[in-house]
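Novice: My questions concern the predicted model and sequence given below.
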Amino acid sequence: NVGIGILGLKLSTVAIQPTALIDGMGFIGAKYGTRGATNFATSKDWRKFIVNMPEIKDRMGGEFALRELTDENWLQNAQKKAFIPLQKLDQMTAGSVAAGAYEKKMIELGEKIDFTKYNKEALDYAQLAVRRTQSSGAFKDVPLAISRGALTGNRSLDRAMLQFQNF
């Protein structure tokens, strides 16, 4: 339980999370990264639209390895709350990259953004940008050495220790 608290409240982990936006800007461009961050942070319509993208919706629950580490005991609520800052920053960072990438592709296509339906080509591009630039604990994105637990013999521990190696 102490280990879970330390992992969740580790300031260096929380502080470094938004730097992944720089990776996103490297992929989509600084202009669109900034616009995506602004749109995601200030527009309820953008947030609702982006949060429903499959790639973003899947990651909203937070890092899978960290979820596996929280026990079903009386400290479970405290354990889960310890990860809230990390999860929220991850959501904001990935959402910003997705919003910027979606807007960039829509401008390239010469189409107007409609918050009631996705443009398939822009959606695919936005999700690709998120997958390529944001760390993910999803099984499909985790290297076999980590997903099999080959490092320590414990899958959850391997994935938690190498959380920034899950590109």
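Specialist: Arrived safely.

Novice: For the chain, name the helix or strand with the lowest mean pLDDT.
Specialist: The least trusted helix or strand in the chain, going by mean pLDDT, DSSP states H and E, turns out to be helix 64-69, with a mean of 52.

Novice: what bits of this structure have low per-residue confidence?
Specialist: Within the chain, the stretches falling below the threshold (pLDDT under 70) are 1-10, 60-75, 77-79, 136-149, 159-167.

Novice: buried sites along the strand or helix carrying Asp90?
Specialist: Counting by DSSP states H and E, the element that carries Asp90 is helix 84-109. Neighbour counts using 16 or more other Cβ atoms under 10 Å place 85-87, 89-106 of helix 84-109 among the buried residues. Using the backbone N, CA and C atoms, a C-beta is placed for each residue, glycine as well.

Novice: before we move on, what about stretch 16-23?
Specialist: 17, 20-21, 23.

Novice: Identify those among those that sit within helices.
Specialist: Counting by DSSP state H, the part of those found in helices is 20-21, 23.

Novice: now those as CSV including distance to Thr38?
Specialist: Formatted as CSV, the entries for those read as follows, by distance: Cβ to Cβ, whole Å:
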residue, distance to Thr38
Ala20, 17
Leu21, 12
Asp23, 18
